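> sequence first, predicted coordinates after that:
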Amino acid sequence: MLKTATAFAALLAATAFVVPTVSQAQEVRSARVSYLDLDLASDIGQQSLQRRIFHAAESVCGIGAIRMDIKSAFLAADCRDDAVATAQPQFAAAVNAARHGTVTVGGAAALIITAR
């Protein structure tokens with residue numbers, strides 16, 4: 001009986017450390033943003049892609065989907081800003097490739113916007 005109680009106590013202790021970690025796991029949401037139709041060597045093409053990135057970030061962060069309280073709105077705005085910032089290296093690489101005449105074919109002409 002004592003061994004069973006000790007084993008049960010050990011199991012409870014181990015569970016106490018595992019449960020918070022599992023409950024803090026966050027779902028990653030993403031959206032694909034195509035730029036196949038844009039000339040990224042031009043300012044207009046770059047501005048269009050930045051707008052697409054911004055709108056995709058709003059979408060993956062849930063902005064505009066439902067009315068939110070102030071705290072949720074601030075969290076969603078932070079999510080959007082982080083998603084836009086995370087996409088900037090992809091944006092810069094795409095613009096650099098366009099300026100240097102690198103050919104991008106089909107589905108490869110897209111950025112992936114992610115948010116947690």
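The structure has been received and is ready for your questions. Nothing here was measured: the structure is a model prediction, and the numbers come from that model.

> and Ala57, how many neighbours?
25 (other Cβ atoms under 10 Å). C-beta coordinates here come from the backbone N, C-alpha and C atoms, glycine included.

> same thing with the one 4 residues further on?
Applying the criterion other Cβ under 10 Å, we find 23 residues in the vicinity of Cys61.

> hmm, it is touching Ala115, no?
Yes. Counting by Cβ atoms under 8 Å, Ala115 is a contact partner of Cys61 at 5.0 Å.

> between the two, what contacts are shared?
Arg29, Cys79, Arg80, Ala83 (Cβ atoms under 8 Å, 6 or more residues apart in numbering).

> quick one, longest helix in this protein?
For the chain, the helix that runs over the most residues, judged by DSSP state H, is helix 70-99.

> which positions within that one qualify as buried?
Using 16 or more other Cβ atoms under 10 Å as the test for burial, helix 70-99 gives Ala76, Cys79, Arg80, Ala83, Val84, Thr86, Ala87, Gln90, Phe91, Ala94, Val95, Ala98.

> quick check: of the residues you listed, which lies closest to Arg51?
Nearest to Arg51 among the buried residues of helix 70-99: Val84, at 10.8 Å, using Cβ to Cβ.

> residue contacts, the closest one?
Ile53, Phe54, Ala57, Ile113.

> just the pLDDT for it.
Looking at Val84, its pLDDT is 97.

> also Ser48?
Among the per-residue scores, Ser48 holds a pLDDT of 97.

> so it sits in a helix?
Yes. Under DSSP: H, G, I helix; E, B strand; the rest coil, Ser48 falls within a helix.

> ok, for it, nearest residue in space, not its chain neighbours?
What sits nearest to Ser48 in space, not counting adjacent residues and going by Cβ to Cβ, 6 or more residues apart in numbering, is Leu38, at 5.4 Å.

> wait, what's in contact with the one you found?
Shown in contact with Leu38 (Cβ under 8 Å, 6+ apart): Gly45, Ser48, Leu49.

> if you go by neighbour count, which of the residues you listed are buried?
Gly45, Ser48, Leu49.

> among those, which one sits closest to Lys71?
Sorting the buried ones among the contacts of Leu38 by how near they are to Lys71, with Cβ to Cβ, puts Leu49 at the top with 31.2 Å.
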